[in-house]
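Kindly generate the corresponding structure for this input.
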Amino acid sequence: MKTKKRIPLGGSLILIILILLKTPVYAQSSKISLSIGDPAPNLFYSKVLKGENVSLSDDKITVLEFWATWCVPCIAAMPHLSELSEQYNDAVNVIAINVMERTGDQPYSVAIPKVAEFVEKMGDKMKFNVVADDDEKNMDKRWLRAAGIKGIPATIVVKDKKIYWIGHPMFLDKVLEQIKDGSYDLLEQKKEYEKKFIAQRNESNSFKDNMIAIENAISSKNYQEAIALTDKFASQAPKSSYVYKQRKLQILLAFYKDKDVLNYLKNTQKIDKKDAAALASFIASQENISTKIDAFAADIIDKSEEKNTYNLDCLATLQSRLGQFDQAYKNQLKMLNLLIEARKEKPELISEEAIDNNRKKAEEYQRKAAKSR
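Residues are numbered from 1 along each chain as shown. Next up is the predicted model:
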């Protein structure tokens with residue numbers, strides 16, 4: 001066993017489990033103060049960025065869509081929300097509420113120019129009303145947090161100034177259909193929502209407790225116990241098992257020999273090729289990794305069935321570290337071309353800056369490849 005510097009638990013692990021849940025992220029408070037069936041709070045906003053009808057209507061269903069410019073799933077949902085807005089034009093009023101922009105210690109209003117520019121660029125892909133939260137962040141606090149939600153995208157449907165539904169926009173179509181045809185069961189939905197809140201709060205608390213137990217074992221230099229805990233928790237929580245698998249890899253990289261890391265990667269590859277490719281991609285983000293591990297990680301990604309932009313970027317990084325600049329250039333170029341094609345279809349999701357940065361990386365690998373010949 002070796003002793004190296006500790007690799008900390010990164011925010012990326014928290015992000016992974018939130019993505020795995022594929023639902024709004026529920027706060028860890030013991031109860032919620034805003035639920036389905038409750039009277040809707042007042043709307044608060046600092047500025048109307050698009051449209052005119054930004055109030056809770058007595059004669060229409062109101063769909064409140066909470067979003068931010070940095071939230072890729074939020075942006076991806078916008079075109080379909082525009083379709084729904086047109087489809088139910090006489091019966092539904094859609095209002096997109098901009099929240100959670102990253103303003104640091106500054107008032108929320110400093111984000112408005114950037115948000116307004118974004119909304120303008122989206123054009124008909126945001127064919128509905130848009131407002132921005134106020135400096136007190138009342139829409140975030142009095143609506144989202146009150147409902148136990150601390151993540152976006154999140155959708156709240158209001159009818160007769162009463163909360164009718166809270167959830168993810170991907171399920172909105174069915175909800176609107178049921179409300180329109182009278183088959184929507186408000187009381188049943190309230191029970192389901194509060195049951196889900198409790199279950200996910202417990203899951204979140206359990207995840208937190210598990211991670212603390214792992215960290216305590218590491219702090220006590222009981223690395224074998226830490227490894228055992230990652231295996232135990234991974235088997236107990238299949239939905240978030242990758243989070244624990246990645247933490248195990250971090251422990252092995254920090255405190256064990258290369259052969260232990262390689263054995264772990266080989267065993268994972270036999271059981272779950274997708275997780276093995278994800279672990280190999282994670283290795284690309286780490287520093288001071290041995291040539292043997294880099295080479296094996298590159299081989300895992302290269303042989304994986306899924307070659308998305310992230311995997312290609314990680315593969316190119318590993319190959320460049322191994323001095324394989326020709327291969328690194330080819331894979332970075334593949335990634336760049338995929339980004340360019342994706343931007344043609346959905347320019348709102350991929351920035352010019354991302355294109356430029358990856359073009360520079362490809363050019364750097366190309367220069368290094370030419371020098372090494």
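
and after the helix or strand bottoming out on mean pLDDT in the chain, which helix or strand comes next?
Every helix and strand of the chain was ranked by mean pLDDT, DSSP states H and E. The lowest is helix 11-21, at a mean of 41. Moving toward the C-terminus from helix 11-21, the next helix or strand (DSSP states H and E) is strand 47-50.

From the contact counts, what lies against the next helix or strand along the chain from that following strand?
Note on strand 47-50: by DSSP H and E, the next helix or strand toward the C-terminus is strand 61-67. With contacts taken as 3 or more C-beta pairs under 8 Å, 6 or more residues apart in numbering; DSSP states H and E, strand 61-67 sits against helix 72-87, strand 92-98, strand 154-159, helix 172-181. C-beta: built from backbone N, CA, C; applies to glycine.

and the ones you listed, which is most packed in?
Of all the helices and strands packed on strand 61-67, strand 92-98 has the most neighbours on average by mean count of other C-beta atoms under 10 Å, namely a mean of 26.

Could you tell me the angle between the helix or strand following it and helix 72-87?
Next helix or strand after strand 92-98 toward the C-terminus (DSSP H and E): helix 112-122. Angle of helix 112-122 versus helix 72-87, following axes from the mean of the first three to the mean of the last three C-alpha atoms, to 10 degrees, is 60 degrees.

What residues sit buried inside helix 112-122?
Residues 112, 115-116, 118-119, 122 are the ones in helix 112-122 that count as buried (16 or more other C-beta atoms under 10 Å).

again, but for stretch 279-286
So stretch 279-286, judged by 16+ other C-beta under 10 Å, has buried residues 279-284.

isn't K274 right up against N311?
No - in this structure K274 lies outside contact range of N311 using C-beta atoms under 8 Å: 10.5 Å.

any residues in contact with both of these two?
Counting by C-beta atoms under 8 Å, 6 or more residues apart in numbering, the shared contacts of K274 and N311 are S304.

Which one's more surrounded, those two?
Between K274 and N311, counted using other C-beta atoms under 10 Å, the more crowded position is N311 (21 against 13).

helix, strand or coil for the residue nearest to the more buried one when sequence neighbours are not counted?
Distances taken as C-beta to C-beta, 6 or more residues apart in numbering put I301 closest to N311, at 5.4 Å, once the chain neighbours are dropped. At I301 the chain is in helix, as set by DSSP: H, G, I helix; E, B strand; the rest coil.
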